[in-house]
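Peer 1: Return a 3D structure for these sequence lines:
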Amino acid sequence: MLVVAETAVIQDTRRKLLYAAGEIFAERGFHKATVREITDRAGVNVAAINYHFRDKAELYRAVLNECHCTAQNLGGPIELGTGTPEERLRHFTDGFLHRLLHPDRPKWHGLLMAREMTEPTDALDILVEESIRPRAGELQQIVKELTGGKLSQDREWMIGFSVVSQCLFYLHDRPLIERLYPKLATQPPTIEELVEHIYAFSLAAIRAAS
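Peer 2: Residues are numbered from 1 along each chain as shown. The predicted structure is shown next:
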């Protein structure tokens with residue numbers, strides 16, 4: 001029982017560090033955030049970072065991975081299946097939006113990823129190669145099939161980026177959307193409604209491009 005209790009304490013400390021670090025990294029960025037700030041917010045000793053993560057850089061990589069894993073657990077895996085490219089495009093849009101916009105996803109996740117896009121670190125390279133590039137390649141293949149291979153690879157990738165950017169817009173630009181069209185502040189579209197809109201818009205654009 002003592003071993004179980006000690007293990008639970010260790011896991012709890014690690015969880016507190018990840019969450020506190022995520023909030024502070026999102027607020028201040030990797031370079032400006034300090035170990036002292038993180039441990040103070042987590043309510044743990046400074047030595048806990050060395051014990052669990054070795055240094056701030058490894059902690060930051062763990063936080064980015066936590067963002068990805070949490071989104072996957074909440075939104076579920078993006079199962080594209082083996083159907084038509086139209087069906088797979090819809091599955092991609094549905095899975096990606098549910099990961100981004102799940103109501104239980106901590107707000108700092110989106111803030112941290114947005115900051116990472118403007119102030120990239122080495123951790124982004126790891127995340128891209130391990131998690132993002134495979135999905136991006138699948139989307140590019142869907143675009144290729146929808147356009148019959150008539151477009152250059154450059155165009156295929158740009159179209160894929162356009163699909164993804166529509167989804168990200170509803171994550172990062174909600175305040176702008178609500179100010180431009182106030183009705184959406186009180187009657188926001190559901191995730192399912194956004195899926196249908198982005199899917200239909202993207203499919204029409206892809207067909208027009210080919």
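
Peer 1: I figured Thr121 hits Val63, correct?
Peer 2: No: using C-beta atoms under 8 Å as the test, Thr121 is too far from Val63 to be in contact (10.9 Å). Bear in mind the C-beta positions are built from the backbone N, C-alpha and C, glycine included.

Peer 1: the more surrounded of these two?
Peer 2: Set Thr121 next to Val63 and count neighbours by other C-beta atoms under 10 Å: Val63 wins out with 26 against 18.

Peer 1: how far does the helix or strand containing Ala208 sit from the chain's center?
Peer 2: Using DSSP states H and E, Ala208 sits in helix 191-209. From the chain centre to the centre of helix 191-209 is a distance of 20 Å (C-alpha atoms, centre = their mean, to the nearest Å).

Peer 1: Check stretch 161-173 too.
Peer 2: Distance, centroid of stretch 161-173 to centroid of chain: 11 Å (C-alpha atoms, centre = their mean).

Peer 1: Torsion angles phi and psi at Ser152?
Peer 2: phi -70, psi 160 (degrees, to the nearest 10).

Peer 1: if we can go back for a sec, what mean pLDDT does the helix holding Ala208 get?
Peer 2: The average pLDDT for helix 191-209 rounds to 97.

Peer 1: what does that helix contact?
Peer 2: With contacts defined as C-beta atoms under 8 Å, 6 or more residues apart in numbering, helix 191-209 is touched by 86, 89-90, 93-94, 97-98, 101-102, 143, 146-147, 151, 155, 159, 162-163, 166-167, 170, 189.

Peer 1: Only whichever of the residues you listed are buried, select them in PyMOL.
Peer 2: Buried subset of those, written as a PyMOL selection, criterion 16 or more other C-beta atoms under 10 Å:
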select buried, resi 89+90+93+94+97+98+101+102+143+146+147+151+159+163+166+167+170
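
Peer 1: Show me what the biggest helix by length in the chain packs onto, helices and strands only.
Peer 2: Once the chain is assigned using DSSP state H, the helix that runs over the most residues is helix 2-32. Counting contacts by 3 or more C-beta pairs under 8 Å, 6 or more residues apart in numbering; DSSP states H and E, helix 2-32 packs against helix 35-42, helix 47-53, helix 56-75, helix 107-118.

Peer 1: relative to helix 56-75, how tilted is it?
Peer 2: Going by axes from the mean of the first three to the mean of the last three C-alpha atoms, to 10 degrees, helix 2-32 is angled at 110 degrees with respect to helix 56-75.

Peer 1: Give the buried residues for helix 2-32.
Peer 2: 13-14, 16-26, 29-30.

Peer 1: Could you give the average pLDDT over it?
Peer 2: Averaged over helix 2-32, pLDDT sits at 84.

Peer 1: now it against helix 107-118, angle please.
Peer 2: Helix 2-32 and helix 107-118 are oriented at 40 degrees to each other (the same axes, to 10 degrees).

Peer 1: now helix 2-32 and helix 35-42, what's the angle there?
Peer 2: 130 degrees.
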